[in-house]
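*Asks:* kindly return the folded structure for what I paste below:
(one chain, ligands or ions: 1)
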Amino acid sequence: ATEISWWHAMTGANNEVVDQLAKEFNESQSDFKVMPVFKGTYPETLNAGIAAFRAKQPPAIMQVFDAGSGVMMGAQGAIVPVADVLEKGGFKFDKSQYLPGIVAYYSKPDGTMLSFPYNSSSPILYYNKDIFEKAGLNPDTPPKTWGEVFDAAKKIKTSGAAPCGFTSTWLTWIQTENFAAWNNLSYGSNENGLGGTDVKLAFNAEPFVKHFQAIADLAKDGTFRYGGRTSEAKQLFTSGECAILTESSGGLGDIVKSGLKYGIGQLPYAEGPGRPQNTIPGGASLWVFGGKSDAEYKGVATFFNFLSQTKIQSRLHQVSGYMPVTMAAYEDTKKSGFYEKNPARETPLLQMMGKAPTENSKGVRLVNLPQVRDIMNEEFESMLAGKQDAKAALDKAVQRGNAAIQQAIGK
Ligand SMILES: O=P(O)(O)OC[C@H](O)CO
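*Replies:* All right, here's what the predicted structure looks like:
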(Lines give C-alpha, C1' and ligand atoms only; values in the text may rest on other atoms or scores of the structure.)
Protein backbone atom coordinates (compact mmCIF):
# COMPACT_ATOMS: atom_id res chain seq x y z
CA ALA A 1 0.00 0.00 0.00
CA THR A 2 1.11 3.57 -0.66
CA GLU A 3 2.00 5.26 2.62
CA ILE A 4 0.58 8.71 3.34
CA SER A 5 2.30 10.57 6.17
CA TRP A 6 0.11 12.87 8.27
CA TRP A 7 1.88 15.22 10.68
CA HIS A 8 -0.36 16.56 13.41
CA ALA A 9 -0.42 18.35 16.76
CA MET A 10 -3.20 16.52 18.57
CA THR A 11 -2.76 15.32 22.17
CA GLY A 12 -4.97 13.50 24.66
CA ALA A 13 -8.49 12.70 23.54
CA ASN A 14 -7.97 14.42 20.17
CA ASN A 15 -4.90 12.30 19.48
CA GLU A 16 -7.05 9.21 20.02
CA VAL A 17 -9.49 10.54 17.42
CA VAL A 18 -6.66 10.97 14.87
CA ASP A 19 -5.40 7.43 15.46
CA GLN A 20 -8.90 5.99 15.30
CA LEU A 21 -9.71 7.73 12.00
CA ALA A 22 -6.44 6.58 10.43
CA LYS A 23 -7.12 3.05 11.60
CA GLU A 24 -10.65 3.00 10.21
CA PHE A 25 -9.51 4.43 6.88
CA ASN A 26 -6.67 1.94 6.62
CA GLU A 27 -9.02 -0.93 7.38
CA SER A 28 -11.62 0.30 4.88
CA GLN A 29 -9.32 -0.23 1.86
CA SER A 30 -5.95 -1.72 1.01
CA ASP A 31 -4.37 0.69 -1.51
CA PHE A 32 -3.28 3.37 0.97
CA LYS A 33 -1.99 3.53 4.51
CA VAL A 34 -2.33 6.81 6.43
CA MET A 35 0.42 7.13 9.03
CA PRO A 36 -0.20 9.81 11.69
CA VAL A 37 2.88 11.33 13.37
CA PHE A 38 2.62 13.67 16.37
CA LYS A 39 4.97 16.67 15.93
CA GLY A 40 4.36 18.74 19.08
CA THR A 41 2.23 21.84 19.63
CA TYR A 42 0.68 23.65 16.69
CA PRO A 43 3.58 26.13 16.36
CA GLU A 44 6.09 23.27 16.67
CA THR A 45 4.32 21.23 14.00
CA LEU A 46 4.31 24.18 11.60
CA ASN A 47 8.02 24.79 12.17
CA ALA A 48 8.79 21.09 11.68
CA GLY A 49 6.87 21.14 8.39
CA ILE A 50 8.70 24.21 7.11
CA ALA A 51 12.06 22.67 8.00
CA ALA A 52 11.11 19.38 6.34
CA PHE A 53 9.99 21.21 3.21
CA ARG A 54 13.33 23.02 3.02
CA ALA A 55 15.09 19.68 3.42
CA LYS A 56 12.86 18.35 0.59
CA GLN A 57 11.24 15.77 2.84
CA PRO A 58 7.84 17.16 3.78
CA PRO A 59 4.99 14.87 4.82
CA ALA A 60 2.09 14.43 2.39
CA ILE A 61 -0.39 15.97 4.85
CA MET A 62 0.31 18.50 7.57
CA GLN A 63 -2.13 19.83 10.15
CA VAL A 64 -1.69 23.60 10.41
CA PHE A 65 -3.43 25.74 13.01
CA ASP A 66 -5.56 28.74 11.99
CA ALA A 67 -2.69 31.13 12.67
CA GLY A 68 -0.44 29.33 10.20
CA SER A 69 -2.94 29.68 7.33
CA GLY A 70 -1.42 32.95 6.10
CA VAL A 71 2.06 31.42 6.24
CA MET A 72 0.94 28.47 4.12
CA MET A 73 -0.93 30.69 1.67
CA GLY A 74 2.27 32.65 1.18
CA ALA A 75 4.25 29.47 0.54
CA GLN A 76 3.60 29.52 -3.23
CA GLY A 77 4.63 26.28 -4.89
CA ALA A 78 5.08 24.43 -1.63
CA ILE A 79 1.51 23.26 -1.42
CA VAL A 80 -1.23 21.91 -3.66
CA PRO A 81 -4.74 23.37 -3.11
CA VAL A 82 -6.96 20.75 -1.59
CA ALA A 83 -9.64 21.47 -4.22
CA ASP A 84 -7.14 20.34 -6.92
CA VAL A 85 -6.08 17.28 -4.94
CA LEU A 86 -9.67 16.11 -4.60
CA GLU A 87 -10.53 16.73 -8.23
CA LYS A 88 -7.39 15.02 -9.48
CA GLY A 89 -8.23 12.10 -7.23
CA GLY A 90 -11.53 11.75 -9.07
CA PHE A 91 -13.77 13.22 -6.37
CA LYS A 92 -16.20 16.03 -7.00
CA PHE A 93 -15.42 18.95 -4.78
CA ASP A 94 -18.53 20.94 -4.03
CA LYS A 95 -17.80 23.76 -1.67
CA SER A 96 -21.48 24.48 -1.06
CA GLN A 97 -21.47 21.32 1.05
CA TYR A 98 -19.18 22.90 3.63
CA LEU A 99 -20.00 25.40 6.39
CA PRO A 100 -19.67 28.85 4.75
CA GLY A 101 -17.58 30.62 7.43
CA ILE A 102 -15.09 27.79 7.43
CA VAL A 103 -14.75 27.51 3.66
CA ALA A 104 -14.23 31.25 3.36
CA TYR A 105 -11.49 31.18 5.97
CA TYR A 106 -9.52 28.45 4.21
CA SER A 107 -9.98 29.74 0.65
CA LYS A 108 -8.15 32.13 -1.62
CA PRO A 109 -9.97 35.37 -2.51
CA ASP A 110 -10.99 33.72 -5.84
CA GLY A 111 -12.78 30.99 -3.88
CA THR A 112 -10.34 28.08 -4.37
CA MET A 113 -10.27 26.00 -1.20
CA LEU A 114 -6.65 25.57 -0.19
CA SER A 115 -6.76 23.25 2.80
CA PHE A 116 -9.11 20.66 4.21
CA PRO A 117 -10.90 21.92 7.36
CA TYR A 118 -10.27 18.89 9.54
CA ASN A 119 -10.85 20.38 13.00
CA SER A 120 -12.62 23.70 13.17
CA SER A 121 -13.41 25.16 16.55
CA SER A 122 -14.83 28.16 18.30
CA PRO A 123 -13.85 29.26 21.81
CA ILE A 124 -16.42 28.65 24.55
CA LEU A 125 -16.67 28.81 28.33
CA TYR A 126 -16.42 25.74 30.55
CA TYR A 127 -17.19 25.92 34.25
CA ASN A 128 -17.00 23.55 37.18
CA LYS A 129 -20.51 23.08 38.60
CA ASP A 130 -19.35 21.73 41.97
CA ILE A 131 -17.14 24.75 42.59
CA PHE A 132 -19.95 27.08 41.51
CA GLU A 133 -22.22 25.52 44.12
CA LYS A 134 -19.57 25.75 46.82
CA ALA A 135 -19.07 29.42 46.04
CA GLY A 136 -22.80 30.11 46.21
CA LEU A 137 -23.11 30.67 42.45
CA ASN A 138 -25.92 29.15 40.40
CA PRO A 139 -24.48 26.02 38.74
CA ASP A 140 -27.07 26.24 35.98
CA THR A 141 -26.23 29.76 34.81
CA PRO A 142 -22.80 30.30 33.29
CA PRO A 143 -21.57 33.92 33.32
CA LYS A 144 -22.42 35.68 30.06
CA THR A 145 -20.33 38.84 30.01
CA TRP A 146 -16.69 39.38 30.95
CA GLY A 147 -17.87 41.47 33.88
CA GLU A 148 -19.87 38.51 35.16
CA VAL A 149 -16.89 36.17 34.67
CA PHE A 150 -14.59 38.44 36.66
CA ASP A 151 -17.17 38.82 39.46
CA ALA A 152 -17.76 35.07 39.64
CA ALA A 153 -13.99 34.45 39.65
CA LYS A 154 -13.56 36.84 42.60
CA LYS A 155 -16.37 35.16 44.51
CA ILE A 156 -14.84 31.73 43.89
CA LYS A 157 -11.45 32.90 45.13
CA THR A 158 -12.60 34.83 48.21
CA SER A 159 -15.06 32.12 49.29
CA GLY A 160 -12.24 29.58 49.15
CA ALA A 161 -14.30 27.35 46.82
CA ALA A 162 -11.23 26.96 44.59
CA PRO A 163 -7.69 28.38 44.56
CA CYS A 164 -8.28 30.00 41.18
CA GLY A 165 -11.40 31.57 39.71
CA PHE A 166 -10.64 31.79 36.05
CA THR A 167 -8.07 30.79 33.47
CA SER A 168 -7.90 30.77 29.69
CA THR A 169 -5.99 28.94 27.01
CA TRP A 170 -4.68 30.97 24.02
CA LEU A 171 -4.68 34.63 25.17
CA THR A 172 -3.95 35.43 21.52
CA TRP A 173 -6.68 33.48 19.78
CA ILE A 174 -9.38 33.81 22.45
CA GLN A 175 -8.73 37.06 24.33
CA THR A 176 -7.51 39.08 21.36
CA GLU A 177 -8.57 37.69 17.96
CA ASN A 178 -11.94 36.35 19.06
CA PHE A 179 -12.42 39.14 21.59
CA ALA A 180 -12.22 41.51 18.61
CA ALA A 181 -14.63 39.57 16.39
CA TRP A 182 -17.16 38.72 19.13
CA ASN A 183 -17.33 42.35 20.24
CA ASN A 184 -17.21 43.67 16.67
CA LEU A 185 -13.92 45.54 17.18
CA SER A 186 -11.12 45.84 14.67
CA TYR A 187 -8.08 43.63 15.26
CA GLY A 188 -6.24 45.19 12.34
CA SER A 189 -6.77 47.09 9.10
CA ASN A 190 -7.65 45.49 5.75
CA GLU A 191 -10.42 43.37 7.32
CA ASN A 192 -7.94 41.93 9.80
CA GLY A 193 -5.74 40.90 6.89
CA LEU A 194 -8.36 39.03 4.86
CA GLY A 195 -8.46 41.93 2.41
CA GLY A 196 -4.70 42.26 1.94
CA THR A 197 -1.34 41.55 3.56
CA ASP A 198 -0.44 45.13 4.54
CA VAL A 199 -2.06 45.27 7.97
CA LYS A 200 -1.84 47.84 10.74
CA LEU A 201 -2.74 46.20 14.04
CA ALA A 202 -5.46 47.85 16.13
CA PHE A 203 -5.80 45.67 19.23
CA ASN A 204 -4.44 48.33 21.56
CA ALA A 205 -7.75 50.23 21.41
CA GLU A 206 -9.48 51.08 24.67
CA PRO A 207 -11.82 48.03 25.02
CA PHE A 208 -8.82 45.65 24.70
CA VAL A 209 -6.82 47.66 27.25
CA LYS A 210 -9.72 47.55 29.69
CA HIS A 211 -10.14 43.80 29.20
CA PHE A 212 -6.48 42.94 29.65
CA GLN A 213 -6.09 45.27 32.62
CA ALA A 214 -8.96 43.42 34.32
CA ILE A 215 -7.16 40.12 33.73
CA ALA A 216 -3.83 41.56 34.92
CA ASP A 217 -5.53 42.84 38.10
CA LEU A 218 -7.05 39.42 38.79
CA ALA A 219 -3.67 37.77 38.23
CA LYS A 220 -2.18 39.68 41.17
CA ASP A 221 -3.75 37.47 43.84
CA GLY A 222 -4.18 34.37 41.66
CA THR A 223 -7.89 34.88 40.94
CA PHE A 224 -6.75 34.55 37.32
CA ARG A 225 -4.04 31.98 36.67
CA TYR A 226 -1.98 31.85 33.50
CA GLY A 227 -1.34 28.41 32.02
CA GLY A 228 0.76 29.05 28.93
CA ARG A 229 0.69 30.16 25.31
CA THR A 230 -1.34 27.35 23.75
CA SER A 231 -3.81 25.04 25.49
CA GLU A 232 -1.87 24.37 28.71
CA ALA A 233 -4.48 26.09 30.90
CA LYS A 234 -6.90 23.26 30.18
CA GLN A 235 -5.09 21.24 32.85
CA LEU A 236 -5.69 23.98 35.42
CA PHE A 237 -9.39 23.36 34.83
CA THR A 238 -9.39 19.55 34.59
CA SER A 239 -7.33 19.35 37.81
CA GLY A 240 -10.06 21.33 39.61
CA GLU A 241 -7.74 24.21 40.40
CA CYS A 242 -9.55 26.84 38.31
CA ALA A 243 -13.35 27.02 38.21
CA ILE A 244 -13.85 28.79 34.88
CA LEU A 245 -11.99 28.16 31.65
CA THR A 246 -12.26 29.77 28.25
CA GLU A 247 -10.96 27.26 25.74
CA SER A 248 -11.61 25.79 22.32
CA SER A 249 -14.78 23.76 21.79
CA GLY A 250 -12.27 21.09 20.73
CA GLY A 251 -10.97 20.90 24.30
CA LEU A 252 -14.12 18.99 25.20
CA GLY A 253 -12.69 15.44 24.93
CA ASP A 254 -10.15 15.93 27.72
CA ILE A 255 -12.71 17.73 29.89
CA VAL A 256 -15.16 14.85 29.53
CA LYS A 257 -12.33 12.42 30.35
CA SER A 258 -11.48 14.32 33.55
CA GLY A 259 -14.84 13.24 34.94
CA LEU A 260 -15.61 16.55 36.61
CA LYS A 261 -19.08 18.01 36.60
CA TYR A 262 -18.78 20.72 33.97
CA GLY A 263 -21.14 23.10 32.23
CA ILE A 264 -20.71 24.98 28.96
CA GLY A 265 -21.58 28.59 28.21
CA GLN A 266 -21.03 30.76 25.19
CA LEU A 267 -17.85 32.81 24.92
CA PRO A 268 -18.33 35.85 27.21
CA TYR A 269 -18.56 39.27 25.56
CA ALA A 270 -17.85 42.79 26.73
CA GLU A 271 -21.12 44.62 27.29
CA GLY A 272 -22.02 47.01 24.50
CA PRO A 273 -24.73 47.64 21.90
CA GLY A 274 -25.18 44.95 19.25
CA ARG A 275 -22.92 42.47 21.01
CA PRO A 276 -22.13 39.68 20.73
CA GLN A 277 -21.33 39.62 17.01
CA ASN A 278 -19.86 36.28 15.81
CA THR A 279 -16.78 34.24 16.62
CA ILE A 280 -14.17 33.29 14.03
CA PRO A 281 -13.15 29.73 13.19
CA GLY A 282 -10.10 28.36 14.94
CA GLY A 283 -8.60 24.92 15.18
CA ALA A 284 -6.66 23.63 12.23
CA SER A 285 -6.86 22.38 8.66
CA LEU A 286 -4.94 19.84 6.61
CA TRP A 287 -2.52 21.10 3.98
CA VAL A 288 -1.07 19.00 1.18
CA PHE A 289 2.55 19.46 0.14
CA GLY A 290 3.71 19.54 -3.47
CA GLY A 291 6.22 17.18 -5.09
CA LYS A 292 4.48 13.92 -4.17
CA SER A 293 3.64 11.00 -6.46
CA ASP A 294 0.28 10.59 -8.22
CA ALA A 295 -0.41 7.58 -6.02
CA GLU A 296 0.12 9.65 -2.89
CA TYR A 297 -2.24 12.37 -4.11
CA LYS A 298 -4.82 9.76 -4.98
CA GLY A 299 -4.43 8.45 -1.42
CA VAL A 300 -4.75 11.89 0.14
CA ALA A 301 -7.89 12.58 -1.92
CA THR A 302 -9.38 9.23 -0.93
CA PHE A 303 -8.64 9.96 2.73
CA PHE A 304 -10.16 13.46 2.61
CA ASN A 305 -13.21 12.03 0.89
CA PHE A 306 -13.43 9.48 3.71
CA LEU A 307 -13.20 12.28 6.30
CA SER A 308 -15.97 14.26 4.58
CA GLN A 309 -18.55 11.48 4.98
CA THR A 310 -21.53 12.59 7.00
CA LYS A 311 -21.26 9.78 9.51
CA ILE A 312 -17.56 10.52 10.16
CA GLN A 313 -18.12 14.29 10.43
CA SER A 314 -21.10 13.83 12.76
CA ARG A 315 -19.12 11.54 15.02
CA LEU A 316 -16.04 13.78 15.00
CA HIS A 317 -18.21 16.72 16.06
CA GLN A 318 -20.13 14.81 18.72
CA VAL A 319 -17.08 13.15 20.25
CA SER A 320 -14.46 15.90 20.03
CA GLY A 321 -16.42 19.16 20.30
CA TYR A 322 -14.91 20.40 17.02
CA MET A 323 -17.49 21.67 14.54
CA PRO A 324 -18.82 19.45 11.76
CA VAL A 325 -17.38 20.94 8.56
CA THR A 326 -20.16 19.86 6.24
CA MET A 327 -23.75 21.12 6.30
CA ALA A 328 -24.96 17.53 5.96
CA ALA A 329 -23.20 16.52 9.18
CA TYR A 330 -24.64 19.53 11.00
CA GLU A 331 -28.15 18.69 9.76
CA ASP A 332 -27.64 15.03 10.61
CA THR A 333 -26.61 15.92 14.17
CA LYS A 334 -29.65 18.18 14.52
CA LYS A 335 -32.00 15.48 13.25
CA SER A 336 -30.52 12.86 15.56
CA GLY A 337 -31.77 14.88 18.54
CA PHE A 338 -28.21 15.34 19.82
CA TYR A 339 -28.62 19.05 20.54
CA GLU A 340 -31.91 18.50 22.32
CA LYS A 341 -30.09 16.21 24.71
CA ASN A 342 -26.93 18.36 24.77
CA PRO A 343 -28.03 21.94 23.99
CA ALA A 344 -24.69 23.50 24.91
CA ARG A 345 -22.95 21.44 22.26
CA GLU A 346 -24.44 23.59 19.51
CA THR A 347 -22.96 26.72 21.11
CA PRO A 348 -19.77 26.90 19.00
CA LEU A 349 -21.80 26.65 15.78
CA LEU A 350 -24.39 29.20 16.84
CA GLN A 351 -21.65 31.60 17.87
CA MET A 352 -19.94 31.34 14.51
CA MET A 353 -23.02 31.35 12.29
CA GLY A 354 -25.54 33.34 14.35
CA LYS A 355 -24.89 36.63 12.56
CA ALA A 356 -23.47 37.54 9.18
CA PRO A 357 -19.86 38.59 9.78
CA THR A 358 -18.74 42.23 9.63
CA GLU A 359 -15.33 43.36 8.41
CA ASN A 360 -14.15 42.80 11.98
CA SER A 361 -15.37 39.25 12.30
CA LYS A 362 -14.54 37.19 9.21
CA GLY A 363 -11.23 36.01 10.62
CA VAL A 364 -7.65 37.15 11.12
CA ARG A 365 -4.98 36.46 8.53
CA LEU A 366 -1.38 37.66 8.63
CA VAL A 367 1.55 36.31 6.64
CA ASN A 368 3.35 35.94 9.97
CA LEU A 369 0.59 35.51 12.53
CA PRO A 370 2.52 32.85 14.51
CA GLN A 371 5.32 35.42 14.94
CA VAL A 372 2.89 38.19 15.88
CA ARG A 373 1.30 35.83 18.42
CA ASP A 374 4.75 35.17 19.92
CA ILE A 375 5.27 38.90 20.30
CA MET A 376 1.86 39.28 21.94
CA ASN A 377 2.58 36.39 24.29
CA GLU A 378 5.87 37.94 25.39
CA GLU A 379 4.14 41.21 26.22
CA PHE A 380 1.22 39.46 27.96
CA GLU A 381 3.59 37.38 30.06
CA SER A 382 5.53 40.43 31.14
CA MET A 383 2.20 42.10 32.02
CA LEU A 384 1.03 39.09 34.02
CA ALA A 385 4.35 39.08 35.88
CA GLY A 386 3.50 42.63 37.01
CA LYS A 387 6.24 44.28 34.95
CA GLN A 388 3.95 46.46 32.83
CA ASP A 389 0.29 47.42 32.66
CA ALA A 390 -2.12 46.35 29.93
CA LYS A 391 -1.78 49.59 27.98
CA ALA A 392 1.99 49.27 27.77
CA ALA A 393 1.73 45.56 26.86
CA LEU A 394 -0.77 46.15 24.06
CA ASP A 395 0.96 49.26 22.73
CA LYS A 396 4.25 47.38 22.54
CA ALA A 397 2.66 44.31 21.00
CA VAL A 398 1.05 46.48 18.30
CA GLN A 399 4.22 48.43 17.61
CA ARG A 400 6.47 45.34 17.48
CA GLY A 401 3.82 43.37 15.57
CA ASN A 402 3.46 46.11 12.95
CA ALA A 403 7.23 46.22 12.44
CA ALA A 404 7.33 42.43 12.05
CA ILE A 405 4.48 42.52 9.50
CA GLN A 406 6.20 45.23 7.44
CA GLN A 407 9.38 43.22 7.43
CA ALA A 408 7.55 40.01 6.49
CA ILE A 409 5.82 41.61 3.50
CA GLY A 410 9.12 43.15 2.41
CA LYS A 411 8.36 46.82 2.93
O1 LIG B 1 -7.56 24.06 20.24
P2 LIG B 1 -7.93 24.25 18.81
O3 LIG B 1 -7.52 23.11 17.96
O4 LIG B 1 -9.36 24.57 18.63
O5 LIG B 1 -7.12 25.50 18.27
C6 LIG B 1 -7.20 26.71 18.96
C7 LIG B 1 -6.63 27.86 18.15
O8 LIG B 1 -7.45 28.14 17.05
C9 LIG B 1 -5.25 27.64 17.67
O10 LIG B 1 -4.73 28.78 17.08
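
*Asks:* make it CA atoms for all contacts and neighbour counts henceforth
*Replies:* OK.

*Asks:* can you show me the strands along the stretch 1-150 of the chain?
*Replies:* Using DSSP state E, counting those that start in this stretch, the strands found in the stretch 1-150 of the chain span residues 2-8, 32-38, 61-65, 79-80, 116-121, 123-128.

*Asks:* what's the distance between whatever residue of the stretch 301-411 of the chain ends up closest to the ligand and V64?
*Replies:* Taking C-alpha to the nearest ligand atom as the measure, the point where the stretch 301-411 of the chain comes nearest the ligand is Y322, at 7.1 Å. Using C-alpha to C-alpha, to the nearest Å, Y322 is found at 15 Å from V64.

*Asks:* same check on D198?
*Replies:* D198 is 22 Å from V64, by C-alpha to C-alpha.

*Asks:* okay, those two: which has more neighbours?
*Replies:* Between D198 and V64, V64 has the larger neighbour count (other C-alpha atoms under 10 Å), namely 28 against 21.

*Asks:* for this structure, which helix is longest?
*Replies:* When the chain is parsed with DSSP state H, its longest helix is helix 390-408.

*Asks:* identify the residues contacting that one?
*Replies:* Identification of contacts with helix 390-408 by C-alpha atoms under 8 Å, 6 or more residues apart in numbering yields 198-204, 209-210, 212-213, 216, 366-368, 371-372, 375-376, 379-380, 382-383.

*Asks:* list the buried ones in the least confident helix or strand in the chain by mean pLDDT?
*Replies:* Every helix and strand in the chain was compared by mean pLDDT, DSSP states H and E; the lowest is helix 100-105, with a mean of 84. Under the neighbour-count criterion of 16 or more other C-alpha atoms under 10 Å, helix 100-105 has 101-105 buried.

*Asks:* elements contacting it?
*Replies:* strand 116-121 (3 or more C-alpha pairs under 8 Å, 6 or more residues apart in numbering; DSSP states H and E).

*Asks:* and the strand it packs on, how far out from the chain middle?
*Replies:* 9 Å (C-alpha atoms, centre = their mean, to the nearest Å).

*Asks:* equivalent analysis for stretch 396-411, please.
*Replies:* With C-alpha atoms, centre = their mean, you get 23 Å for stretch 396-411.

*Asks:* ok, now stretch 252-260?
*Replies:* That offset, for stretch 252-260, works out to 18 Å (C-alpha atoms, centre = their mean).

*Asks:* do that stretch and the ligand meet at all?
*Replies:* No: shown here: stretch 252-260 not in contact with the ligand (C-alpha under 6 Å from any ligand atom), separated by at least 9.7 Å.

*Asks:* again with stretch 278-292
*Replies:* Yes: with C-alpha under 6 Å from any ligand atom as the criterion, the ligand is reached by stretch 278-292 at 282-284.

*Asks:* ok, back up a step: give me the phi and psi angles of the residue of the stretch 301-411 of the chain closest to the ligand.
*Replies:* phi -70, psi 160 (degrees, to the nearest 10).

*Asks:* isn't it right next to R315, touching?
*Replies:* No: contact between Y322 and R315 fails when scored by C-alpha atoms under 8 Å: they sit 10.0 Å apart.

*Asks:* the more surrounded of those two?
*Replies:* In this view Y322 and R315 are compared by other C-alpha under 10 Å, and Y322 has more residues nearby, 28 against 15.

*Asks:* chain neighbours aside, what residue packs nearest to that one?
*Replies:* Take Y322 and drop its neighbours on the chain: the residue closest to it by C-alpha to C-alpha, 6 or more residues apart in numbering is G250, 4.6 Å away.

*Asks:* hang on, the one you found packs against G321?
*Replies:* Yes: counting by C-alpha under 8 Å, G321 is a contact partner of G250 at 4.6 Å.

*Asks:* so which bits of the stretch 51-200 of the chain are right by the ligand?
*Replies:* Residues of the stretch 51-200 of the chain lying near the ligand (C-alpha under 6 Å from any ligand atom): 65-67, 121, 173.

*Asks:* turn these into TSV, including pLDDT.
*Replies:* Listed next are these as TSV, based on pLDDT from 0 to 100:
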residue	pLDDT
F65	97
D66	96
A67	97
S121	97
W173	98
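
*Asks:* ok, of those residues, which one's closest to T238?
*Replies:* Comparing those against T238 with C-alpha to C-alpha places S121 closest, at 19.3 Å.

*Asks:* ok, now which ones touch that closest one?
*Replies:* Taking C-alpha under 8 Å, 6+ apart, one finds 248-250, 281-283, 321-323, 348 in contact with S121.

*Asks:* and it, what are its bridge partners?
*Replies:* G282 (DSSP bridges).

*Asks:* burial count for A83?
*Replies:* The burial count for A83: 21, using other C-alpha under 10 Å.

*Asks:* can you verify my assumption that it contacts T112?
*Replies:* Yes: between A83 and T112 there is a contact under C-alpha under 8 Å: 6.7 Å.

*Asks:* ok so, going back, save the residues of stretch 278-292 next to the ligand as CSV, and put in distance to E232, neighbour count and pLDDT too.
*Replies:* Below are these laid out as CSV (distance: C-alpha to C-alpha, whole Å; neighbours: other C-alpha atoms under 10 Å; pLDDT from 0 to 100):
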residue, distance to E232, neighbour count, pLDDT
G282, 17, 28, 96
G283, 15, 23, 97
A284, 17, 25, 97
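
*Asks:* for the stretch 151-300 of the chain, which segments count as strands?
*Replies:* Taking DSSP E, counting those that start in this stretch as the criterion, the stretch 151-300 of the chain carries its strands at 164-168, 224-226, 242-248, 262-265, 282-289.

*Asks:* emit the ChimeraX select command for whichever of the contacts of helix 390-408 are buried.
*Replies:* Of these, the buried ones go into a single ChimeraX selection, burial set by 16+ other C-alpha under 10 Å:
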select :198,199,200,201,202,203,204,209,212,213,216,366,367,368,371,372,375,376,379,380,383
